[in-house]
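Undergrad: Mind looking at a prediction? Sequence and model below.
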Amino acid sequence: MRRPAAVRGSTKVMRALPPARQWARRTLSVVSLCAALLLLVGLCLAAPADDPAVVAARRRQDAAKSFAVEYKQTEVIAPGGLYSTVKPIPAEETTIVSTGRVVVDGAKVRFETNHAYYFLPGKPFVDKHEVCLFNGKVAHVSYPSGFGIDKTPQGIIERDAAPAGIKTYEICPIFAVFRGLSPVMTSWPYSDLAPSGRTCTIDDTTCEEYVTRPSAQVAIICWLDPAQDYLIRRVCHQSRGQLDSQIDIRYRLSEEGYRLPHSWDCNHYSATGSVKRSQRFEVLQTQINQVEPASQFEIEYPPGAKVNDQRTDKWYRVRSDGTMREFSIATGEDVLTTDSVAEPPWYRRHRWLLTGAIMVPAVAAAVIYIRMRKRANSRHPQA
């Protein structure tokens with residue numbers, strides 16, 4: 001007896017998976033479940049709003065409406081500290097010195113750095129001028145001197161309304177002081193930290209341990225100093241239980257009563273525990289609640305710059321008048337779209353206005369002429 005068509009169409013043939021694939025699928029399911037549980041536990045264990053560390057962070061954030069910090073960065077890279085290949089990179093110990101600047105006004109951010117970086121094998125380090133901007137709505141990254149071997153100015157309009165460059169671990173100590181509750185400006189907001197109950201002595205001061213887990217494999221451990229308004233004294237970044245980097249921060253008390261970052265050291269470790277890179281940051285100048293010009297939070301790409309809008313995955317070239325024209329990154333040719341076609345001449349764009357300017361006087365003159373003729377005829381009627 002044949003099955004009805006509807007039943008035949010809905011029947012699926014189930015084939016048994018090999019034992020190895022069954023085991024792999026079950027293992028993956030268990031790992032995914034554990035990861036989800038760890039993240040859920042981390043969220044549930046986050047510091048409550050009345051935690052003294054959160055209260056202190058909110059007080060500092062409310063007090064500093066704006067701030068500007070200039071700093072000096074000295075980085076020492078061990079041989080093979082970047083890449084441990086057959087030919088270690090760099091081949092010998094390398095020191096890089098640069099300066100940077102962070103300016104924040106409310107939710108607006110400007111981060112500027114000139115720190116050199118490694119770009120091509122066998123080549124020296126390349127200078128980089130990078131500007132990260134967030135005007136409260138849109139995030140931009142600008143490379144006014146180009147990127148890598150391409151010296152053409154370049155820019156990025158970021159997909160998310162948060163500049164990724166300002167959340168680098170190296171400069172987070174600045175934001176942790178003045179914007180400790182902002183997930184846009186710091187990688188470890190105080191509201192995400194959960195107290196563990198453990199303590200540690202740093203420079204003869206008892207600090208309390210707070211932990212956050214961005215993922216199942218990553219843990220960020222912060223040691224907070226209750227004697228210094230719960231400022232972060234040390235940050236340890238662990239991946240799969242192994243220490244990847246550690247930041248030790250020192251503060252000073254300003255004449256106005258603000259506790260400000262004075263200097264900090266950031267060490268990056270290899271799998272064997274040796275230091276691959278060490279960075280010393282020294283604050284050169286700090287200004288609190290000074291008037292910050294609004295113009296420095298708006299991007300100005302130079303003419304000729306290539307800009308990638310990650311929101312639409314389109315490329316634009318900046319013209320001499322500051323407007324942008326879309327082009328193909330593959331061919332370099334302009335893309336003719338409704339908003340990139342060249343504008344017509346001014347007399348075509350304003351033809352209706354010009355027509356009106358000509359017609360109105362002409363009509364007025366005709367009306368006046370007709371009235372004058374009528375008056376003349378009425379005074380001197382024809383015989």
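TA: That came in fine, so what should we check first?
Undergrad: Can you give the contact residues for the helix or strand containing His262?
TA: Element membership of His262, judged by DSSP states H and E, is strand 259-269. Residues from elsewhere that reach strand 259-269 (Cβ atoms under 8 Å, 6 or more residues apart in numbering): 60, 69, 81, 169-170, 173-174, 177, 228-229, 231, 243-254, 275-283, 286. Backbone N, C-alpha and C define where each C-beta goes, glycine included.
Undergrad: if we go to 7 Å?
TA: Contacts to strand 259-269, defined as Cβ atoms under 7 Å, 6 or more residues apart in numbering, come from residues 169-170, 173-174, 177, 228-229, 231, 243-254, 275-283, 286.
Undergrad: Same check on stretch 157-174?
TA: The set of residues external to stretch 157-174 that reach it, using Cβ under 7 Å, 6+ apart, is 69, 102, 109, 111, 130, 132-134, 137-141, 184-187, 237, 245, 247, 249, 261, 264, 266, 279, 281, 307, 309-311.
Undergrad: Same question for stretch 289-306.
TA: Contacts with stretch 289-306, where a contact means Cβ under 7 Å, 6+ apart, come from 64-66, 68, 103, 105, 108, 110, 133, 135, 140, 142, 144, 152-155, 307, 315, 317-320.
Undergrad: How about stretch 50-64?
TA: By Cβ under 7 Å, 6+ apart, the surrounding residues in contact with stretch 50-64 are 47, 177-181, 190-191, 193, 210, 224, 229-230, 288-289.
Undergrad: In helices, which of the residues you listed fall?
TA: With DSSP state H as the criterion, helices contain Val177, Phe178 from among the contacts of stretch 50-64.
Undergrad: Any buried residues in the strand holding His262, and which?
TA: Arg259, Leu260, Pro261, Ser263, Trp264, Cys266, Asn267, His268, Tyr269 (16 or more other Cβ atoms under 10 Å).
Undergrad: what does stretch 130-150 give?
TA: 130-135, 139-143, 145-147.
Undergrad: just the CA coordinates of it, formatted as CSV?
TA: Presented in CSV, the C-alpha positions along stretch 130-150 are these (Å, rounded to 0.1, in the frame of the first residue of the first chain):
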residue,chain,number,x,y,z
GLU,A,130,46.9,57.7,13.4
VAL,A,131,43.9,59.8,14.5
CYS,A,132,40.8,58.1,16.0
LEU,A,133,37.7,60.2,16.3
PHE,A,134,34.3,59.7,17.8
ASN,A,135,31.9,62.7,17.6
GLY,A,136,29.2,60.9,19.6
LYS,A,137,27.5,59.4,16.6
VAL,A,138,30.1,58.2,14.1
ALA,A,139,33.6,56.8,14.5
HIS,A,140,36.5,57.6,12.1
VAL,A,141,40.1,56.5,11.8
SER,A,142,42.4,58.7,9.7
TYR,A,143,46.0,58.1,8.5
PRO,A,144,47.0,61.5,7.1
SER,A,145,50.4,60.2,6.0
GLY,A,146,49.2,57.0,4.6
PHE,A,147,49.4,53.4,5.8
GLY,A,148,52.4,51.1,5.3
ILE,A,149,54.2,51.7,2.0
ASP,A,150,51.2,53.5,0.5
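Undergrad: List the residues that contact His237.
TA: His237 makes contacts with Tyr169, Ile220, Asp244, Ser245, as judged by Cβ under 7 Å, 6+ apart.
Undergrad: can you do 6 Å?
TA: Ile220, Asp244, Ser245 (Cβ atoms under 6 Å, 6 or more residues apart in numbering).
Undergrad: how about the last one, secondary structure?
TA: If I follow you right, that is Ser245. strand (DSSP: H, G, I helix; E, B strand; the rest coil).
Undergrad: Pairing partners for it in the sheet, please.
TA: His237, His268 (DSSP bridges).
Undergrad: distance of it from Arg319?
TA: 43 Å (Cβ to Cβ, to the nearest Å).
Undergrad: Looking at the two, which one has more neighbours?
TA: Ser245 (19 against 12; other Cβ atoms under 10 Å).
Undergrad: how close does that one get to Arg159?
TA: Look at Ser245 and Arg159: by Cβ to Cβ, they are 26 Å apart.
Undergrad: helix/strand/coil for Arg110?
TA: Three-state call for Arg110 (three-state DSSP): strand.
Undergrad: how many neighbours does it have?
TA: Counted by other Cβ under 10 Å, the residues lying close to Arg110 total 22.
Undergrad: Just the element for the closest residue to it other than its chain neighbours, please.
TA: Excluding the flanking residues, the one nearest Arg110 by Cβ to Cβ, 6 or more residues apart in numbering is Val103, at 4.4 Å. Using DSSP H and E, Val103 sits within strand 94-105.
Undergrad: Run the chain-centre distance for that strand.
TA: Taking Cα atoms, centre = their mean, to the nearest Å, one finds the center of strand 94-105 at 16 Å from the center of the full chain.
Undergrad: Please apply the same query to stretch 358-368.
TA: Put simply, stretch 358-368 sits 61 Å off its chain's centre (Cα atoms, centre = their mean).
Undergrad: now do stretch 225-240
TA: From the chain centre to the centre of stretch 225-240 is a distance of 23 Å (Cα atoms, centre = their mean).
Undergrad: start to end distance for it?
TA: Its start and end residues considered, stretch 225-240 measures 26 Å (Cα to Cα, to the nearest Å).
Undergrad: Can you give me the buried ones in that stretch?
TA: For stretch 225-240, the neighbour count (16+ other Cβ under 10 Å) marks Asp225, Asp229, Tyr230, Leu231, Ile232, Arg233, Arg234, Val235, Cys236, His237, Gln238 as buried.
Undergrad: Out of those residues, the closest to Tyr118 would be?
TA: His237 (21.1 Å; Cβ to Cβ).
Undergrad: List phi and psi for Arg371.
TA: Torsion angles at Arg371 (phi, psi; degrees, to the nearest 10) stand at phi -60, psi -40.
Undergrad: how close does it get to Ala362?
TA: Arg371 is 15 Å from Ala362, where distance means Cβ to Cβ.
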